[in-house]
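J.: coords please:
(chains A and B)
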Amino acid sequence: MTSPTLPTPEHRYVINPLFLFRWEASQNAHVLLYPEGVVKLNASAASILKLCNGTYNVTQMVDHLSERYDGSPRELIGQSLIKFLEAADAKGWINAVA
Amino acid sequence: MPKAGSTLSLDGEGKPLWVSLELTYQCPLNCVFCSNPVDFDDYREGELSTEEWKRVIREARELGALQIGFTGGEPALRKDLEELIGYADSLGFYTNLISSGIGLTPTRLVEMKARGLKHIQLGFQSCDETTANLMAGADAFRRKLEIAREIKALGFPMVLNVPVTRHNLPQIPEILNLAESLGVEYIELANIQYYNWALINRDQLLPTREQLEWAEAEVARFRERVGERMTVYFVIPDYYDGRPKACMNGWGAIHLTIAPDGSALPCSQARSIDTLSFPNVRDHSLAWLWQESDTFNHFRGDSWMKEPCRSCDEKEKDFGGCRCQALALTGDAANADPACSKSPHHSRILDAIDRAAATQDRPEALIYRDAGFNCEGGER
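T.: I've put the predicted structure just below:
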């Protein structure tokens, strides 16, 4: 609902309170539920959204993801993360917090 | 029954992702566009009990449903609404309340919030009191406005659902401004679909193409101004589109509606199809009636289709349109939806548009939703 904020290393994110993010066994996937809609998430999107809890800044998110996706270059992970955060912000799934 | 060769096109992979519970057909309003059955009052007795609704909610969740809508009639007339919301939330549903606002109070809203209600869709007819009350057939305008403010004060996401007819269409710019000032996230300018009470009143409700084009331009201007703060849904109605709507994303594809008496319907209008009988949750499990019943399989896939749908390259996009509209306007639910310009019955839509336009200068009385209306005779 807000204009996307370009992610900087210090930015932290939270899931938009209008959305419900959870594991759904019947879909074998994480889902985002919102008024009259459902988004089924792939594993990497879900692993990023789990870090959107206001605790981790973008640098720390890269740390976590580098651990999880051991073997992928850190720079590549950072680029994909930024791209996803921008897109998720534009769709209104997440909000940047100060 | 579709057998081999009929392709199921199910976004939900065969699961009813969305379940609507019509808790009651009773309602304090008398809207001229109401989509409830014309004989709604015959279902006053025999509504499902709290325990029966809970069983429905549990079984729907087991079938993979994710979204649940509590609707009616006015669902707030049920004293067990809060309990049912809480039960659905505890099972992992995203809970939606679809309400006229009448019967909601600050106390009840607080309780619903505590029980896990996620979202409220409020029906709202106009920013103009006279028009709003004309469409709702009741003096409800001020109450609705108060409850809209209460809903936002409690932090619920809210969709304002504005049924668009020729009566409130000229007020669309002011309605959008009001929605903005209320702080709603979504507003749906829902062009009326012509079933049941709305079909009875169609000549008096249907806007002209020119009126709709004006409204569309106003919506575009508003979107430009507010940007992404609000989402405005406005879709040109099927009567003017030349193509039918992909009704319910296909019959028995992702939607399951349970009527107040426990009848299971592929959509809330489906019981108008009197050649079908609708299985009841009192007699069957949800799994059986969704997966096995003849009724839910009847228009699944495309093997039921006649020409021109059968050989149409758009059949997987719109599924032949709406079965209920095909029945209501052509007499056969298996015909192409006459909203489609390829339908041999498309003239029924064009005639309806002409008839409605002709009444612009000589308005007749609206017929309000009321018990005891005799649709055969047209009058009580």
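J.: What degree of burial does B:Arg243 show, as a neighbour count?
T.: Neighbour count for B:Arg243, taken as other Cβ atoms under 10 Å in any protein chain shown: 15. Glycine gets a C-beta too; all of them are placed from N, C-alpha and C.
J.: Let me know the helix or strand that it is in.
T.: Following DSSP states H and E, there is no helix or strand that holds B:Arg243.
J.: same check, this time on B:Thr131
T.: helix B:129-136.
J.: Which elements pack onto that helix?
T.: Helix B:129-136 sits against helix B:141-153, with contacts defined as 3 or more Cβ pairs under 8 Å, 6 or more residues apart in numbering or on different chains; DSSP states H and E.
J.: I'd like to know which elements the helix it packs on is packed against.
T.: helix B:106-114, strand B:119-123, helix B:129-136, strand B:158-164, helix B:172-182.
J.: Could I get the buried residue list for it?
T.: B:Phe141, B:Arg143, B:Lys144, B:Leu145, B:Ile147, B:Ala148, B:Glu150, B:Ile151, B:Lys152 (16 or more other Cβ atoms under 10 Å in any protein chain shown).
J.: Could you give the separation of that helix from the chain centroid?
T.: Distance of helix B:141-153 from its chain centroid, counting by Cα atoms, centre = their mean, to the nearest Å, is 22 Å.
J.: Would you mind pulling the contact partners of it?
T.: B:100-102, B:104, B:106, B:109, B:120, B:122-126, B:129, B:132-133, B:158, B:160, B:182-184 (Cβ atoms under 8 Å, 6 or more residues apart in numbering or on different chains).
J.: Narrow these to those that are buried.
T.: Of those, these count as buried by 16+ other Cβ under 10 Å: B:100-102, B:104, B:109, B:120, B:122-126, B:132-133, B:158, B:160, B:182, B:184.
J.: Residues of the stretch 201-350 of chain B that sit close to chain A?
T.: B:Gly227, B:Glu228, B:Arg229, B:Met230, B:Thr231 (Cβ under 8 Å from any Cβ of the partner chain).
J.: need the residues of the stretch 51-200 of chain B near chain A, please.
T.: Checking the stretch 51-200 of chain B against chain A by Cβ under 8 Å from any Cβ, the hits are B:64, B:66-67, B:92, B:94, B:96, B:118-119, B:121, B:155, B:157, B:159, B:185-186.
J.: Going through those residues, which ones are buried?
T.: For these, buried by 16+ other Cβ under 10 Å: B:64, B:66-67, B:92, B:94, B:96, B:118-119, B:121, B:157, B:159, B:185-186.
J.: could those residues be laid out in CSV, adding distance to B:Leu286 and pLDDT?
T.: Shown next, in CSV, are these (distance: Cβ to Cβ, whole Å; pLDDT from 0 to 100):
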residue, distance to B:Leu286, pLDDT
B:Gly64, 11, 94
B:Leu66, 15, 95
B:Gln67, 15, 95
B:Gly92, 16, 93
B:Tyr94, 18, 96
B:Asn96, 19, 96
B:Lys118, 22, 94
B:His119, 23, 94
B:Gln121, 24, 95
B:Pro157, 28, 89
B:Val159, 27, 92
B:Glu185, 32, 84
B:Tyr186, 29, 90
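J.: Next, the buried residues of the helix or strand containing A:Ser80.
T.: In the assignment (DSSP H and E), A:Ser80 maps to helix A:74-90. For helix A:74-90, a neighbour-count test (16+ other Cβ under 10 Å) marks A:Ile77, A:Gly78, A:Ser80, A:Leu81, A:Ile82, A:Phe84, A:Leu85, A:Ala88, A:Asp89 as buried.
J.: and that helix, average pLDDT?
T.: The pLDDT scores in helix A:74-90 average 93.
J.: what does stretch A:14-29 give?
T.: On average, stretch A:14-29 scores 91.
J.: quick check, distance from it to the centre of its chain.
T.: 12 Å.
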